[in-house]
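> give me the fold of what follows.
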Amino acid sequence: MSDEIKNEEQAVNEAPAAETVAAETPAAPIVRKRNTMAEVNALLFQEQNNKGRLPKFNIGDTVRVYVKIKESGKERVQPYEGVVLAMRHGGPQESFIVRRISHDVAIERIFPFNSPYIDKIEVVRKGRVRRAKLYYLRGRFGRAAKITERVGVSAASKQKAAAKVQE
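Numbers count the residues shown, from 1 in each chain. Take a look at the predicted model:
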């Protein structure tokens with residue numbers, strides 16, 4: 001009986017030794033290419049780039065953003081008009097905040113510049129402001145929240161002048 005136990009012990013001791021030798025010499029290591037966040041952002045930026053399609057506008061301008069909305073399998077375009085409160089820069093994550101007042105309730109909406117849901121943007125008025133962020137408008141309504149227009153740079157007057165030139 002002791003011979004049988006010794007044989008089993010030898011078999012058990014030899015098996016792990018064979019496994020450790022195989023573990024020390026790995027077959028082919030699996031190499032996975034990992035994309036950095038910068039590479040992912042660059043790919044997204046290429047796919048959804050709206051640069052060149054959108055007009056230049058600044059904080060304080062009144063803009064009309066035409067947003068694509070999907071409802072029951074159909075797609076329609078809805079305008080959203082308001083004052084640009086702030087802009088965030090940063091490549092593909094660029095965005096801007098538009099504030100509008102509807103039925104005495106202020107609504108703010110964040111639009112990414114590179115969103116595929118933005119159909120187009122029209123600049124309605126150019127505002128004259130001295131701040132980078134207009135968060136102080138959040139506590140104001142009516143006339144107190146009004147932004148003065150830049151004199152002689154009205155977007156509407158530019159459009160009218162361009163239309164006259166084309167005729």
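
> low-confidence ranges, this protein, go.
Within the chain, the segments meeting pLDDT under 70 span 1-26, 44-52, 153-158, 167.

> do you have the strands of it handy? List them.
62-71, 74-88, 95-102, 105-112, 118-125 (DSSP state E).

> now do stretch 122-133: distance to the chain's middle.
21 Å (CA atoms, centre = their mean, to the nearest Å).

> cool, stretch 86-103 as well?
Using CA atoms, centre = their mean, the offset of stretch 86-103 from its chain centre is 10 Å.

> also stretch 125-135?
Going by CA atoms, centre = their mean, where stretch 125-135 is centred and where its chain is centred differ by 22 Å.

> and it, end to end?
19 Å (CA to CA, to the nearest Å).

> give the buried residues for that stretch.
Arg125, Lys126, Gly127, Val129, Leu134 (16 or more other CB atoms under 10 Å). Quick note: C-beta positions are derived from backbone N, CA and C, even for glycine.

> what do you get for stretch 114-122?
Asn114, Ile118, Ile121, Glu122.

> circling back: would you mind giving the buried residues of stretch 125-135 as TSV with distance to Pro92 added?
As requested, these are arranged in TSV below (distance: CB to CB, whole Å):
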residue	distance to Pro92
Arg125	29
Lys126	27
Gly127	27
Val129	27
Leu134	24
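
> which of the residues you listed lies closest to Gly91?
Of all those, Leu134 has the smallest distance to Gly91: 23.3 Å, by CB to CB.

> for Glu75, see how far away the closest one is.
Leu134 sits 32 Å away from Glu75, going by CB to CB, to the nearest Å.

> equivalent analysis for Ala86, please.
29 Å.

> who has more neighbours out of the two?
Set Ala86 next to Glu75 and count neighbours by other CB atoms under 10 Å: Ala86 wins out with 17 against 10.

> mind checking the strands of the chain for the one nearest to Val151?
strand 118-125 (11.6 Å).

> ok, residues contacting the closest one?
50, 53-55, 57, 61-68, 77, 81, 111-112, 149, 154-156 (CB atoms under 8 Å, 6 or more residues apart in numbering).
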